[in-house]
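Enquirer: What shape does this take:
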Amino acid sequence: QVQLVESGGGLVQAGGSLRLACAASGRTFSPISTVWFRQAPGLEREFVAGIAWNGGTTDTADSVKGRFTIWRDNDQTTVYLQMNNLKPEDTAVYYCAAASWGPLLARQPAHYSYWGQGTQVTVSS
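Expert: Modelled structure (predicted):
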């Protein structure tokens, strides 16, 4: 069984930075895509950023482009999301998700079978 565990959320002032981590554990797991979604109260879950199995292909939502960066460590078990210049509208629960098949870096949550429990990010103005 594969588990995804997020960490790194918290409270930060606007303009500040946070780094989220998504660690995979359990059986040997080689996802084709590992992505971050976020969900604010009353809103749908939205794609934030993703990284493909080769590590060289990434995708970032326009709303965070230039501020958020995704990468993974060399052993491919942890994916990071560096969030800079945070804004109050970035406040949400951030979820890590992974898929072992299907379209690469899909932006729809339904494509992902593995999910973490979520980590809260709150940006104060």
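
Enquirer: CA atoms for contacts and neighbours, from now on please.
Expert: OK.

Enquirer: Would you mind measuring from the closest residue to residue 99 other than its chain neighbours to residue 23?
Expert: The shortest distance from residue 99 to any non-neighbouring residue, by Cα to Cα, 6 or more residues apart in numbering, is to residue 112 (4.8 Å). According to Cα to Cα, to the nearest Å, residue 112 stands 16 Å off from residue 23.

Enquirer: OK, contacts around the residue nearest to residue 99?
Expert: Contact partners of residue 112, counting by Cα atoms under 8 Å, 6 or more residues apart in numbering, are 97, 98, 99.

Enquirer: Using JSON lines, lay out those residues together with secondary structure and distance to residue 46.
Expert: Shown next, in JSON lines, are the contacts of residue 112 (DSSP: H, G, I helix; E, B strand; the rest coil; distance: Cα to Cα, whole Å):
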{"residue": "97", "secondary structure": "strand", "distance to residue 46": "12"}
{"residue": "98", "secondary structure": "strand", "distance to residue 46": "15"}
{"residue": "99", "secondary structure": "strand", "distance to residue 46": "16"}
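
Enquirer: ok, of the residues you listed, which one's closest to residue 19?
Expert: Comparing the contacts of residue 112 against residue 19 with Cα to Cα places residue 97 closest, at 16.4 Å.

Enquirer: Report how many residues lie close to that closest one.
Expert: Residue 97 has 26 neighbouring residues, counting by other Cα atoms under 10 Å.

Enquirer: Can you report how many residues lie near residue 111?
Expert: 18.

Enquirer: tell me the phi and psi of residue 88?
Expert: Main-chain torsions, residue 88, degrees, to the nearest 10: phi -60, psi -30.

Enquirer: Could you pull up the residues touching it?
Expert: 14, 122, 123, 124, 125.

Enquirer: quick one on the thing from earlier: ok, so of the contacts of residue 112, who is nearest residue 69?
Expert: Residue 69 has its nearest neighbour among the contacts of residue 112 in residue 97, at 16.2 Å by Cα to Cα.
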